[in-house]
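1. Model the following, please.
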Amino acid sequence: MTTSHRRSDDRTKMSLPELSALKGRRHRITMVTAYDAPSARLADEAGVEIVLVGDSAAMTVLGHDSTVPATVEEMLMLTRAASRGARRPIVVADMPFGSFQVSDERAIENGVRFVKEGGADAVKIEGAGRMLTRVQALVDAGIPVMGHLGLTPQSAMLLGGLKVQGRTAAAAHRFYDAALALEHAGCFALVLEAVPPPVAARITEALGIPTIGIGAGASCDGQVLVWHDLLGLTPGPLPRFVKQYADLAGATRAALQAYVADVRAGTFPAAQHTYAMSVEELEQFEAEVAAVAPRPRDR
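-> Numbers count the residues shown, from 1 in each chain. Predicted coordinates:
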C-alpha cells in the first residue's frame, strides 16, 4: 500500500516570542492534542498555534484508564509522529509521570530526549512547588517549558479524583501564587485546567505569559481540547467543559459497517478498484501455468 501527502506550503515555525505577542494583541490562542502525523497536519492546516502531544494518549490511544501509565518511550514515539505533521505550530511534548518528578537531572535527561529524539519544540510538566526547580533546570538547559496548574491528571489521586480545583479562597490563592512562581521560573505559557473562571481570569491578568484554559472559562488567553473529545471519538460521558464539534465515531462506524457489508455481498472490490492486465500477457500467463500445473492425483 502506498500513499502520498506532499506539503507545498512554506510556512515557518511559530516562535515563542510570536506566541507571547499574541497575548498582548489579545489574539485568542488555540491548542489541541495530537498523537500522530495526520492529526498534527490537519491541526496545522486548521491554523492551530500549538499542538500538544498529551499524555492523555494513555487513555485516548493506548487504552488505559488514566494518564499515569504512559511511558517516555511511548510518548517519544507519538511526539516524533506528531512533529512530522506539524510545521507551523509549536509542538509541546507532555512529559509523562515519573519522567521529571525524581530529580532535576532526570527531568533534563528526558527533556533533552523529547527535543532531540522526539522533535518537540517544548515540553509540558504538571505542578509547581518542588517542580519549580525542574522548570528552572529545563529552561537553563535550553528547553522551553509549559506549566500546568489546577486539575493535574498525573496527581489526580492526591487531588481526590478528576475534580474542579481552586474553589476555596485559600486554594485559589495557592494557584495564583504558584502561577506567578512558574512564570518567574521561566515557563513560556501556563495551562489552567478545571479552575473556576474568576480565578483563571485573575491569574491571566496577573501573568505576562499566555494562559491556556481547559474548563477554566473564556478569560484565558487561549483554549485547549483533546482531539478525541472535540471530534466525538471518546466513548461515554464527556467532561462538561468539552464541546463536541463532530461525531467522527458515528461516521467511522457507519463507514466500517458499509465496508463490511460490501465485502460480504461481493460488491467490493469492483472493477474500478482493480488493475488491468493486457489480454496477451494474461494468455501467456495462463498457458505457462497450464504447462506446469500438477496433474490431479488418482483416486
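
2. if you skip the residues just before and after it, what's nearest to Gly222?
-> Sequence neighbours aside, Ile29 is the residue nearest to Gly222 in space, at 2.8 Å (criterion: CB to CB, 6 or more residues apart in numbering). Using the backbone N, CA and C atoms, a C-beta is placed for each residue, glycine as well.

3. and if you look at Gly111?
-> Closest to Gly111 by CB to CB, 6+ apart is Ile143, at 4.5 Å.

4. Ok, Ala206 next?
-> Leu180 is the one closest to Ala206 (CB to CB, 6+ apart), at 6.5 Å.

5. Go ahead and confirm that neighbour touches Ile209.
-> No: applying CB atoms under 8 Å, one finds Leu180 not in contact with Ile209, separated by 10.3 Å.

6. neighbour-wise, which of those two wins?
-> Ile209 (20 against 15; other CB atoms under 10 Å).

7. That one reaches Gly186, doesn't it?
-> No: using CB under 8 Å, Ile209 is not in contact with Gly186; the gap is 9.6 Å.

8. Heading C-terminal from the host helix or strand of the residue nearest to Ala206, find the next helix or strand.
-> Assigned by DSSP states H and E, Leu180 falls within helix 169-185. Once the chain leaves helix 169-185, the next helix or strand it forms, by DSSP H and E, is strand 189-193.

9. Dump that next one to PDB, keeping only the CA atoms.
-> The C-alpha trace of strand 189-193 is given here as PDB (Å, rounded to 0.1, in the frame of the first residue of the first chain):
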ATOM      1  CA  ALA A 189       2.900  29.500  28.900                       C
ATOM      2  CA  LEU A 190       0.600  28.000  31.500                       C
ATOM      3  CA  VAL A 191      -2.300  25.500  31.200                       C
ATOM      4  CA  LEU A 192      -5.100  26.100  33.700                       C
ATOM      5  CA  GLU A 193      -7.400  23.100  34.000                       C
END
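
10. how close does Ile90 get to Met146?
-> 9 Å (CB to CB, to the nearest Å).

11. what residues are shared contacts of those two?
-> The contact sets of Ile90 and Met146 overlap at Ala122 (CB atoms under 8 Å, 6 or more residues apart in numbering).

12. Look at Val199 and give its secondary structure.
-> Classification of Val199 using DSSP: H, G, I helix; E, B strand; the rest coil returns helix.

13. list the contacts for the closest residue to it other than its chain neighbours?
-> The shortest distance from Val199 to any non-neighbouring residue, by CB to CB, 6+ apart, is to Ala172 (4.5 Å). Going by CB under 8 Å, 6+ apart, Ala172 touches 166, 195-196, 199, 202.

14. go on, Arg84?
-> 37, 40, 119.

15. Export these to TSV and append columns for pLDDT and neighbour count.
-> Output for these, formatted as TSV (pLDDT from 0 to 100; neighbours: other CB atoms under 10 Å):
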residue	pLDDT	neighbour count
Ala37	98	16
Ala40	98	28
Gly119	98	18
